[in-house]
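>>> Predicted coordinates and the sequence they were generated for:
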Amino acid sequence: MSPPAESADDLDAAEVRRGILWMLLAMLAFPSMDAIAKHLAQSYPVVMIVWARYIFAVGMIAFIVRPRRWGPVPTARPGLQILRGLLVLASAVLFFAGLRFIPLADATALVITAPILVTALAIPLLHEKVAVRRWLGMIAGVAGAMIIVRPGAGTMQWAALLPLSAAFLFALHQIMARNLGRTDEATTTLAYTTVVGVLLSSAALPFFWVTPTFGDWALMAALSFFSICGQFAIIKAFKSAPATTVTPFTMTNLIWATLFGFAIFGDLPDRWTILGMAIIVASCLYVQHRRRVRGQDGTDETEAGSQGDSHR
């Protein structure tokens with residue numbers, strides 16, 4: 001007797017569960033990469049770490065983008081692709097530089113304000129309308145970031161501005177990804193981002209070179225491996241389940257960042273930082289919720305795929 005066939009609802013539910021699992025795996029991979037970057041940043045220039053992230057990944061990405069035919073990757077807007085690649089590279093440099101000076105959890109909390117900044121920048125750049133409730137959510141997110149930074153309280157580190165700046169650049173290149181998605185394939189954007197990063201970081205490398213030990217070479221390769229795994233898992237997550245279902249699970253990277261920061265570096269957030277983190281997470285989730293309720297989510301595969309691509 002053959003087993004009963006699965007219904008369409010069962011299959012859909014299984015796909016959603018797989019999408020959530022992929023997102024959870026991605027949010028474990030990225031803090032793993034960031035923890036390695038923070039460790040390496042104590043001994044090596046940030047430019048070297050960013051270069052390693054690109055150079056070890058280039059072969060794998062090249063295989064994904066051009067599996068059969070090699071040659072120039074066509075694009076309708078090469079200038080915009082190059083500019084976006086510059087922003088991705090700059091956001092990586094800023095974030096990794098910030099990791100050198102401030103706790104992993106603090107830097108992660110500040111950089112996840114990017115979805116709030118994306119919503120704010122979509123107003124002048126994409127001419128989107130934002131309702132009052134979403135404005136309130138964005139203001140709350142900024143307030144959470146300020147609680148972590150605490151300007152004027154004698155506890156602010158200038159280095160906190162680095163991940164905040166990285167979040168701003170991340171938001172800009174996400175907006176560009178949405179724009180480029182109208183004319184170019186996601187793989188085209190990925191290829192240009194990688195090429196720009198490899199060329200510029202390689203050009204700067206001779207001025208910052210420090211010969212790594214064998215163990216640190218392995219850590220650099222692992223850093224790149226976690227970056228690629230995270231990006232792949234995010235792509236799978238958004239293909240398996242709706243963006244509004246899996247996006248809230250991106251906040252779990254803050255849990256892992258806190259755990260890794262304590263276990264590896266002995267950093268434990270104080271009560272004010274925890275409060276700021278909670279406000280940022282709540283505001284990001286609320287902004288996403290309001291976008292879904294008003295039918296203005298606008299998250300397509302290109303934007304979804306870029307969400308793991310910030311400093312990654």
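Yep, that arrived. Numbering: from 1, shown residues only.
>>> From the chain's centroid, how far away is stretch 236-253?
For stretch 236-253, the separation from the chain centroid amounts to 13 Å (computed by Cα atoms, centre = their mean, to the nearest Å).
>>> what about it, start to end distance?
17 Å (Cα to Cα, to the nearest Å).
>>> List the buried residues in that stretch.
Neighbour-count burial for stretch 236-253, counted by 16 or more other Cβ atoms under 10 Å, picks out 236-238, 240-241, 243, 245-247, 249-253. Any C-beta I mention is one placed from the backbone N, CA and C, and that applies to glycine too.
>>> which residue ranges form the helices in the protein?
8-41, 46-65, 78-99, 104-111, 114-126, 132-149, 161-180, 186-204, 214-240, 243-246, 252-265, 271-293, 301-306 (DSSP state H).
>>> Need the winner for burial among those helices.
helix 104-111 (a mean of 27; mean count of other Cβ atoms under 10 Å).
>>> sorry, back to before: take the helices of the chain and write them to JSON lines, including mean pLDDT.
Converted to JSON lines, the helices of the chain look like this (pLDDT from 0 to 100):
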{"stretch": "helix 8-41", "mean pLDDT": "85"}
{"stretch": "helix 46-65", "mean pLDDT": "81"}
{"stretch": "helix 78-99", "mean pLDDT": "91"}
{"stretch": "helix 104-111", "mean pLDDT": "88"}
{"stretch": "helix 114-126", "mean pLDDT": "75"}
{"stretch": "helix 132-149", "mean pLDDT": "81"}
{"stretch": "helix 161-180", "mean pLDDT": "84"}
{"stretch": "helix 186-204", "mean pLDDT": "86"}
{"stretch": "helix 214-240", "mean pLDDT": "87"}
{"stretch": "helix 243-246", "mean pLDDT": "74"}
{"stretch": "helix 252-265", "mean pLDDT": "90"}
{"stretch": "helix 271-293", "mean pLDDT": "81"}
{"stretch": "helix 301-306", "mean pLDDT": "42"}
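>>> how about the closest residue in space to residue 202 that isn't next to it in sequence, what does it touch?
Nearest-residue entry for residue 202: residue 51, 6.3 Å, with adjacent residues in sequence omitted and distances by Cβ to Cβ, 6 or more residues apart in numbering. Counting by Cβ atoms under 8 Å, 6 or more residues apart in numbering, residue 51 touches 198, 201, 202, 204, 205.
>>> if I look at the second one, how far off is residue 83?
Residue 201 sits 17 Å away from residue 83 when distances are taken as Cβ to Cβ, to the nearest Å.
>>> how about the nearest residue to residue 90, chain neighbours excluded?
residue 169 (5.4 Å).
>>> Surely the one you found and residue 89 touch.
No: using Cβ atoms under 8 Å, residue 169 makes no contact with residue 89, being 9.3 Å away.
>>> contacts for stretch 124-143?
For stretch 124-143, the external contacting residues (Cβ under 8 Å, 6+ apart) are 113, 116, 119-120, 122-123, 175, 178-179, 279-280, 282-284, 286-287, 290-291, 294, 296, 298.
>>> To clarify, my last question referred to stretch 264-284.
By Cβ under 8 Å, 6+ apart, the surrounding residues in contact with stretch 264-284 are 35, 38-39, 103-106, 109, 112-113, 115-116, 137-138, 140-141, 143-148, 150, 251, 254, 258, 261-262.
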